[in-house]
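**Student:** predicted model and sequence follow; I will ask about them next.
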Amino acid sequence: MSEDIPEKLITSVDCKQGAVRAVRFNADGNYCLTCGSNKTVKLWNPHTGVVLKTYIGHGYEVLDAQSSSDNSQICSGGMDKTVVVFDVSTGHAVRKYRGHAGTVNCVKFNEESTVVLSGSLDSTVKAWDCRTRKNTPIQVMDEAKDSVTSIQVSDHEILTGSADGRIRRYDLRNGKLFSDYIGTSVTSVTFTRDSQCTLTSTLDNKLRLLDKDTGELLNEYEGHKNKEYKIDSCLNWKDTHIVSGSEDSFIYVWDLIDAKLLHKLDHSTTRAVHSLSFHPTEACLISASGDKLFVWKNRYAASQS
């Protein structure tokens, strides 16, 4: 097994948040966030399993969160239709945006962490300027015809996935929109780390790797189960392997180039593995299933820790 693949379960933690809706590493991978059905966001040291702080500000389930690039703030969104920005050190909610007409499925900071982008069941992506006191979005992207399920952001592009079966890429430098029709509901989108390709999860038990500029299908990855729920997928830190959650309580790992299924990580639960996040600089993976956070490392790193 490659040293680039985390294959050993290091720890599992009962987050005491009800169902854990999302797990996300922070910018440097030292900490992570979990979003709970009990309306909270928690900050963890996943390597020790210690909870550092709990953030309260939502009126209903929290579905997504992200740390800012300097780790000083957290943005989150949830079923109460709001986007909240928390101060990490004080735990206080410093901004609360209420412009969506439906559940907020996904949130992301821009690269400078000055703007929060939120995707919603109301089929829109909204951009909120954290530097002002205004509670109205500075931009609304309403091209989607169904729920916006996933957002990724690079230095000059916004990538979105929607239940209308399309991924959309907004080029902010040129003011252009590029749309690729996948054909079935999109549950997760991400850029490869070299920004040349996009990885898309869909409700037909498939992941697709597309050339970002041409939309050409480069590879398909199959074997996992994804027919009902929003399931995360991503690439490892070296862009050599594809990783996806699954509705059968496993994480699936494929080789990027030949699409061969290399490994299945067993959570020993009966629940779907719907959220995961890969460490930015090493072979470490966190995942969520049921009410627990799972931490995976490769065997070499595990023996050193």
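**Tutor:** Perfect, thanks for sending it. Because the structure is a prediction, the values reported are computed rather than measured. Residues are numbered from 1 along each chain as shown.
**Student:** and the contacts of stretch 131-142?
**Tutor:** Contacts to stretch 131-142, defined as CB atoms under 8 Å, 6 or more residues apart in numbering, come from residues 96-99, 114-115, 123-129, 158, 160, 168, 170. The way it works is simple: take the backbone N, C-alpha and C, and place the C-beta from them, glycine included.
**Student:** if any of those are buried, put those into a PyMOL selection.
**Tutor:** Only the buried entries of those go into this PyMOL selection, using 16 or more other CB atoms under 10 Å:
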select buried, resi 97+99+115+123+124+125+126+128+129+158+160+168+170
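**Student:** now the helices for this protein?
**Tutor:** Secondary structure of the chain by DSSP state H: the helices cover 299-304.
**Student:** sketch out the low-pLDDT regions of it for me.
**Tutor:** Within the chain, the segments meeting pLDDT under 70 span 1-2, 300-305.
**Student:** how near is the nearest residue to residue 6 once chain neighbours are set aside to residue 7?
**Tutor:** Spatial nearest neighbour of residue 6, chain neighbours left out: residue 296 (3.9 Å); criterion: CB to CB, 6 or more residues apart in numbering. Counting by CB to CB, to the nearest Å, the gap from residue 296 to residue 7 is 7 Å.
**Student:** and what of residue 23?
**Tutor:** 18 Å.
**Student:** in terms of neighbours, single out the busier of the two.
**Tutor:** Between residue 23 and residue 7, counted using other CB atoms under 10 Å, residue 23 has the larger neighbour count: 27 against 20.
**Student:** and the more buried one, what are its bridge partners?
**Tutor:** residue 34 (DSSP bridges).
**Student:** OK, contacts around it?
**Tutor:** Taking CB under 8 Å, 6+ apart, we find residue 23 in contact with 32, 33, 34, 35, 275, 276, 277, 286, 287, 288, 293.
**Student:** picking that back up, tally of neighbours for the residue nearest to residue 6?
**Tutor:** For residue 296, using other CB under 10 Å, the count is 26.
**Student:** bridging residues for it?
**Tutor:** Bridge pairing for residue 296 - DSSP bridges - gives residue 9, residue 285.
**Student:** test my guess that it contacts residue 278.
**Tutor:** No - using CB atoms under 8 Å, residue 296 is not in contact with residue 278; the gap is 9.8 Å.
**Student:** buried sites along stretch 134-154?
**Tutor:** For stretch 134-154, by 16+ other CB under 10 Å, it's 137, 141, 143, 144, 147, 148, 149, 150, 151, 152, 153.
**Student:** Throw the residues you listed into TSV and include distance to residue 215, thanks.
**Tutor:** Listed next are these as TSV, based on distance: CB to CB, whole Å:
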residue	distance to residue 215
137	28
141	19
143	16
144	17
147	22
148	19
149	19
150	17
151	19
152	16
153	20
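**Student:** return the member of those nearest to residue 271.
**Tutor:** Taking CB to CB as the measure, residue 271 lies nearest residue 149 of the buried residues of stretch 134-154, at 19.6 Å.
**Student:** just to check, that closest one is in contact with residue 200?
**Tutor:** No - Residue 149 lies out of contact with residue 200 (CB under 8 Å); the separation is 10.7 Å.
**Student:** intersection of neighbour lists for the two?
**Tutor:** 161, 186, 188.
**Student:** mind listing the residues bridging to the residue nearest to the second one when sequence neighbours are not counted?
**Tutor:** Meaning residue 186. Leaving aside its sequence neighbours, residue 186 sits nearest to residue 161 (CB to CB, 6+ apart; 3.4 Å). With DSSP bridges applied, residue 161 shows beta-bridge pairing to residue 150, residue 167.
**Student:** may I ask you to confirm that residue 161 is in contact with residue 149?
**Tutor:** Yes - using CB under 8 Å, residue 161 is in contact with residue 149, at 5.3 Å.
**Student:** returning to that earlier point: and for residue 296 and residue 278, which residues touch both?
**Tutor:** Residues touching both residue 296 and residue 278 (CB under 8 Å, 6+ apart) are 284, 285.
**Student:** in stretch 162-178, what counts as buried?
**Tutor:** Of all the residues in stretch 162-178, those buried under the rule 16+ other CB under 10 Å are 162, 163, 164, 165, 166, 167, 168, 169, 170.
**Student:** for residue 237, what are its contacts?
**Tutor:** Residue 237 makes contact with 4, 193, 278, 279, 280, 281, 282, 283 under the criterion CB under 8 Å, 6+ apart.
**Student:** narrow those residues to those in strands?
**Tutor:** Assignment to strands by DSSP state E places the following of those there: residue 278.
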